[in-house]
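[1] Test case, fold it:
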Amino acid sequence: MTHVEPFADDVQTFLDELDDCQRSEAVGRMLKLEDQERWARLLGSFAARRGAARRVTFRSLTGEAVELTLQPKQTLFSAKQTLLKQVEAQLPAVEPCHRRDAQFFAAGDLLADHTLAAMLPDEVSVVFKQVKRISPASDSDLDSDFGLLARAFDDSD
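    Numbering: from 1, shown residues only. Model (predicted):
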């Protein structure tokens, strides 16, 4: 395979299309390839600082804060469930057919539910919201859908 030097515009376009996670992964992979010793030192430093349980502050837009002790491999989704249980009594009642949810932000970036606690900053902004519940299909809906599907196969013969 031949290596072709890309134009500066192509490089910038490529970088603009990557999200922060992809950029970080790319830099980490290049560093590992080019300077494995430095990469190992940085990884060790990360593990020493973030490889143990630690307290993370979740601050709402009203300024109220809740601190949770999180394990390094605990996901933000898990922390969300704990946080929602802790603040449930202080929040307004949820409307019928809705459930409470939360979104988390750090430095203006939306954090994904699969983010590991080790990757979280010491303080995270949280926005509580209500989302409509997805109701499971009733048996009559399933029977109706099955009937339509069966007729479609019969018509194709």
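[2] contacts, neighbours, all on C-alpha from now
    Fine.
[3] mind listing the helices for this protein?
    Secondary structure of the chain by DSSP state H: the helices cover 8-16, 20-34, 36-50, 76-87, 139-156.
[4] Packing partners of the first one?
    Which is helix 8-16. Using 3 or more C-alpha pairs under 8 Å, 6 or more residues apart in numbering; DSSP states H and E as the contact test, no helix or strand touches helix 8-16.
[5] closest to residue 58 out of the helices of the chain?
    Among the helices of the chain, the nearest to residue 58 by C-alpha to C-alpha is helix 76-87 (8.4 Å).
[6] domain assignment for the chain?
    With domains defined by automatic domain parsing, the chain comprises 7-50, 51-134.
[7] Could you identify which of the ones you listed has the lowest mean pLDDT?
    Across these, domain 7-50 has the smallest mean pLDDT, namely a mean of 87.
[8] ends of that domain, how far apart?
    39 Å (C-alpha to C-alpha, to the nearest Å).
[9] Ok, stretch 45-60 next?
    31 Å.
[10] and if you look at stretch 54-73?
    11 Å.
[11] got a list of contacts for it?
    Residues outside stretch 54-73 that contact it (C-alpha atoms under 8 Å, 6 or more residues apart in numbering): 50-53, 79, 83, 116-118, 120-128.
[12] what's the most buried one of the helices of the chain?
    helix 76-87 (a mean of 15; mean count of other C-alpha atoms under 10 Å).
[13] Can you dump the C-alpha atoms of that one in CSV for me?
    Output of helix 76-87 as CSV, limited to C-alpha atoms (Å, rounded to 0.1, in the frame of the first residue of the first chain):
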residue,chain,number,x,y,z
LEU,A,76,-22.4,7.1,34.0
PHE,A,77,-25.6,5.2,33.4
SER,A,78,-25.2,3.4,36.8
ALA,A,79,-24.4,6.7,38.5
LYS,A,80,-27.5,8.2,36.9
GLN,A,81,-29.7,5.6,38.4
THR,A,82,-28.2,6.2,41.9
LEU,A,83,-28.5,10.0,41.5
LEU,A,84,-32.1,9.9,40.3
LYS,A,85,-33.1,7.8,43.3
GLN,A,86,-31.3,10.3,45.7
VAL,A,87,-32.9,13.4,44.3
